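[1] Turn this into a model:
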Amino acid sequence: MRPKAIYYFIAMLLVTTMMACGGDDDSEPEETKTPTTTSSQPAEPVVVERNIDFAAEEEAIRELYAVYATAHGDEDVDTLTDVFLKSENKDIFTAWTFWAGTFEKNEGANAVSNAWEGIFRLRQGNVTVDITYIAIDSRGKDAVLRGEYKWGNQGGDLISALRKDGSDWKIRAIDYTGGKHGKQVKDLNKPAHVFGEIAEE
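    Below is the predicted model:
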């Protein structure tokens, strides 16, 4: 009986060892993953939709030019300065031939303001602008305006660039020569909103 007990003991030892080691299965046990939770989930890309009311933007540009025309007639340099962007960059300018047909370009807000003071000493009268074209870019930030102006006995075509300054449109540049002295104001590429047509030059 003794040898049987030894065999029985060895068999039990083998079974216990196999159970402790997971039997003959050599595969690794699957790792249990505890889901990690955070208070903030990964952010999805934000899609910004620009819902621009182009009709309202066009109307705001027209209103700005009404103020501009009134300021000319009133010889109001302060209001004219206010409708322009306030910057000394060279892309803020007026270009004209008001001095006996001589081309002049005044760059920067201070130079524009000083130029109006000089012009008002020589030229007076009401100003009208017949707007023939307005183009606004897809962001509602830049615009180009074309029209015919009449100022006393002076008149002609003007081309103007405008830019949004916060929530207000401001004039960035005006070329009163209609582009006769080079393309001072460039047209927008692929505007999102257009009123009128550009006349063939």
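[2] Helices along the chain, start to end?
    Residue ranges of the helices in the chain, as given by DSSP state H, are 2-21, 54-73, 77-83, 109-122.
[3] distance between the ends of stretch 161-174?
    Between the opening and closing residues of stretch 161-174 lies a distance of 7 Å (CA to CA, to the nearest Å).
[4] what is the rounded mean pLDDT of that stretch?
    Confidence over stretch 161-174, taken as the mean pLDDT, stands at 96.
[5] hey, least reliable of the helices of the chain by pLDDT?
    Confidence, taken as mean pLDDT, is least for helix 2-21 of the helices of the chain (a mean of 61).
[6] which residues are in contact with the longest strand anywhere in the chain?
    Among the elements of type strand in the chain, defined by DSSP state E, the one spanning the most residues is strand 154-165. Counting contacts by CB atoms under 8 Å, 6 or more residues apart in numbering, the residues outside strand 154-165 that touch it are 61, 64, 85, 91, 98, 123, 129, 140-149, 169-179, 184-186. Quick note: C-beta positions are derived from backbone N, CA and C, even for glycine.
[7] change it to 6 Å
    Where contact means CB atoms under 6 Å, 6 or more residues apart in numbering, the residues beyond strand 154-165 that reach it are 85, 141-149, 169, 171-176, 178-179, 185.
[8] now, which of these lie within strands?
    Restricting these to those inside strands, with DSSP E as the criterion, leaves 142-149, 169, 171-175.
[9] Buried ones among the residues you listed?
    142-147, 149, 169, 171-175 (16 or more other CB atoms under 10 Å).
[10] I'd like the distance between Ile131 and Trp151.
    Distance of Ile131 to Trp151, given as CB to CB, to the nearest Å: 15 Å.
[11] do the same with Ala95
    For Ala95, the distance to Trp151 equals 15 Å [CB to CB].
[12] Kindly report the same for Thr94.
    With distances taken as CB to CB, Thr94 is found 13 Å from Trp151.
[13] Looking at these two, which has the bigger crowd around it?
    Thr94 (25 against 20; other CB atoms under 10 Å).
[14] circling back to that earlier point, I'd like the buried ones among the ones in strands among the contacts of strand 154-165 laid out as CSV, including distance to Gly196.
    Formatted as CSV, the entries for those read as follows, by distance: CB to CB, whole Å:
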residue, distance to Gly196
Asp142, 17
Ala143, 13
Val144, 11
Leu145, 10
Arg146, 8
Gly147, 9
Tyr149, 15
Trp169, 17
Ile171, 18
Arg172, 20
Ala173, 19
Ile174, 18
Asp175, 17
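[15] what's the farthest-apart pair in those?
    Of all pairs drawn from those, the one with the largest separation by CB to CB is Asp142 and Tyr149; the distance is 21.3 Å.
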